[in-house]
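**Q** how does the following fold in three dimensions:
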Amino acid sequence: MVESAGLFADYLASLPAAQLDRLYSSLYTCQAVLRSLPPLAKQYVLRLLFLTDPVPAALVADWPKPEAQSKHKASLDRLQQLRLLLACSETGSLSAASAAAAAPAAYRLNPTFQQQLQHALTSGAPVSRPSVPASVASRLPSAAELAVHATSHWESVLMHLVSPPSIAGGHGAAVITRVLIRAGLLIQTGSSLSVVSSLAFPFLLKDRNEQLWAIVSSYIESAQDRGHDSGDVIAFLLELGFHSIGTPYSMSTLTSMQQEVVEEIAQLGFVLTQKGRHDQWFIPTHLAAALSSSLSESATSDSEGFIVVETNFRVYAYTQSKLQAEILSLFMRLEYRLPNLVVGIMNRETVNNALALGIVAEQIVQYMRKNAHPQVAIKPPVVPETVVDQIRLWEFDRNRVATTAAVLYDDFPTQEVFEAIARHAQQIGALLWKDSKKRKFVVRADAHDSVRTFIRHLGSKKKRRSDA
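**A** Model (predicted):
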């Protein structure tokens, strides 16, 4: 998904250069970064991958067609942000290029990245960690059971945004809450309470892969806050993305930091941990695999659609998920809840309630389109155009009227005083409304002190005149 790749690339680009270079010593990081690149940037990397000499900048400038110049520039910018493409002299000296970084003479790939990616593409980059023999594991879950486990844990994470728990809960709840607070989706209001932030409700309507990388980025930052090296955490999480789903791997092969990470991301649904008599192992789920697969531009969400929208604004959702029902209730009124079916209806009030939570009309429309039932998805339009247009019109009507904090002034003793004060408010650009007949006017709340000071000054001036 483009959004997932963008989040991932932006996060890596924010890291210090030394830490980024160290990350490229991992085969898995290099492959994940390659997947996250735009198509043209991938082509440039593969074009330079097996070259030993720098490529002149003039030659690189001639690569794109005239109509692709904007994509060419965007690709070069991204490659340089990630330190994949390094400016250098024509002899390959990086130090010479630093003095004239604005106009490099030549380009070369990051040597560490180039070496690791060459090895990954020529050797197949097998997972280096040995799996636990099936005879040792007590009982490995089936693919369906593992998928249910991952989905239920992930939905429990998102349910924290619907009904935030006490921060003083168990270890699992504490891990989830800490990550959501770090992401800005929850706000800690005290030692044991948290409330949902305004960012949470729009977040619930995003694509799952985009949600995934937003949570992972916050988890990495949370781990760094606790003293872990963020580069080591990133490299290990990306390595998990290349492990086989459903295959058990021994915890004894992990460092103490990696073992702690596994225990914590198990609460998010990325792995399932099990214990035997003498060993403990972890089993990657499809969420762990999505850490790498979701970075590809061709990646799609693996969740099956379940929504049918009718032209009368009635919505049928074929789901057993409590989370999905709660998400739908953000922008519609639920009428029936059956074991595998939720029926609701959208109207102006329910959509306006969603808009008040920070959700925008396009998010509602895209959510219904992305989660359309398979039988509906094959017959466009997936969501009736009348419904889409009306949702956008409701948003337009709501945004057409803007609210401004204001103060009303009335009960003026004379028309002269009223006009003088209203004229001052107008001169400072604070007058919002005026009724000369009723001697009332409204000013912006932020100008209240200025108007009040003027009234006092006007009153003292009149008093001096009367005393004279």
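
**Q** what's the neighbour count on R439?
**A** 19 (other Cβ atoms under 10 Å). (Glycine included, C-beta is placed from N, CA and C.)

**Q** was I right to think it contacts F412?
**A** Yes - because the distance of 4.6 Å satisfies Cβ atoms under 8 Å, R439 is recorded as touching F412.

**Q** what segments of the stretch 301-450 of the chain are helices?
**A** 322-328, 348-356, 361-370, 374-377, 385-400, 415-427, 448-467 (DSSP state H, counting those that start in this stretch).

**Q** quick check: phi and psi on the closest residue in space to G269 that isn't next to it in sequence?
**A** Nearest non-adjacent residue to G269, counting by Cβ to Cβ, 6 or more residues apart in numbering: H153, 3.2 Å away. Backbone geometry at H153, expressed as degrees, to the nearest 10, gives phi -70, psi -40.

**Q** distance check, H153 against V33.
**A** From H153 across to V33, the span is 27 Å (Cβ to Cβ, to the nearest Å).

**Q** neighbour count winner among these two?
**A** Between H153 and V33, counted using other Cβ under 10 Å, V33 has the larger neighbour count: 24 against 21.

**Q** my guess is that one contacts L79. True?
**A** No - applying Cβ under 8 Å as the test, V33 and L79 come out as separate, 10.0 Å apart.

**Q** need the next SSE after the lowest-mean-pLDDT helix or strand in the chain, C-terminal direction.
**A** Ranked by mean pLDDT, DSSP states H and E, the weakest helix or strand in the chain is helix 94-98, scoring a mean of 49. Next in sequence after helix 94-98, counting helices and strands by DSSP states H and E, comes strand 106-109.

**Q** mind giving me the packing neighbours of that following strand?
**A** Judged by 3 or more Cβ pairs under 8 Å, 6 or more residues apart in numbering; DSSP states H and E, the packing partners of strand 106-109 are helix 39-48, strand 55-56, helix 57-61, strand 85-88.

**Q** ok, for L48, nearest residue in space, not its chain neighbours?
**A** That would be L109: by Cβ to Cβ, 6+ apart, it lies 5.0 Å from L48.

**Q** actually L291, not the one I wrote
**A** L291 sits nearest to G241 (Cβ to Cβ, 6+ apart), 3.6 Å away.

**Q** would you confirm that the one you found contacts A290?
**A** Yes - using Cβ under 8 Å, G241 makes contact with A290 at a distance of 7.3 Å.

**Q** hang on, the earlier thing: quickly note the distance from the residue nearest to L48 to A17.
**A** 15 Å.

**Q** residue ranges with poor pLDDT in the stretch 1-150 of the chain?
**A** 1-4, 91-103, 125-128, 134-138 (pLDDT under 70).

**Q** looking at this, Q114 is in a helix?
**A** Yes - secondary structure of Q114 (DSSP: H, G, I helix; E, B strand; the rest coil): part of a helix.

**Q** torsion angles phi and psi at the closest residue to it other than its chain neighbours?
**A** Spatial nearest neighbour of Q114, excluding adjacent residues (Cβ to Cβ, 6+ apart): L49 at 6.3 Å. In terms of degrees, to the nearest 10, the main-chain angles of L49 are phi -60, psi -40.
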